[in-house]
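Would you be able to build a 3D model of this:
(one chain, ligands or ions: 1)
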Amino acid sequence: REVTTKLIVGGMTCASCVNTIQYSLESLPGVEYAHINLLTNEANIKHDLNQVGIRDLIKKVEDIGYEADLFK
Ligand code: 9UX
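Model prediction:
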């Protein structure tokens, strides 16, 4: 099931952070794209819930040194 999840990402300081996070998320099987906005700290991620869940997305961002929470 394809869904788009919005996360709030903390700890991004420069454009390279955006690229790092985008690349890491898009390397996960089941992630179609990760679009990240440095100014709003939002990440919009289209993914297949059967392959990668919201917890997996958050864990990936945290594993590479940033903070992430589900946008509410
Ligand atoms: Mo930019 Mo981000 O120099 O971790 S890559 S701050």
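
what are the phi and psi values for residue 18?
phi -60, psi -50 (degrees, to the nearest 10).

now it: how far from residue 65?
Separation of residue 18 from residue 65 (C-beta to C-beta, to the nearest Å): 14 Å. Heads up, the C-betas are built off the backbone N, CA and C, glycines and all.

interface residues of the protein facing the ligand?
13-14, 16-17 (C-beta under 6 Å from any ligand atom).

quick one, which of residue 18 and residue 65 is more surrounded?
A direct count of neighbours by other C-beta atoms under 10 Å for residue 18 and residue 65 places residue 18 higher, at 18 against 10.

Quick check, the more buried one in contact with residue 39.
No - Residue 18 is not in contact with residue 39 according to C-beta atoms under 8 Å; the separation is 10.1 Å.

did I read that right, residue 55 in a strand?
No - with DSSP: H, G, I helix; E, B strand; the rest coil as the criterion, residue 55 is helix rather than part of a strand.

Count the residues that sit near it.
Quick note: residue 55 (other C-beta under 10 Å) scores 9 neighbours.

show me the contacts for residue 11.
Going by C-beta atoms under 8 Å, 6 or more residues apart in numbering, residue 11 touches 17, 65-67.

For residue 29, state which of these is nearest.
When those are ranked by distance to residue 29 (C-beta to C-beta), residue 66 comes first, at 20.8 Å.

List the contacts of the closest one.
Listed by C-beta under 8 Å, 6+ apart, the contact set of residue 66 reads 9-12, 17, 21.

Filter those residues down to the ones in helices?
Here DSSP state H is the test, and the contacts of residue 66 give 17, 21 as lying in helices.
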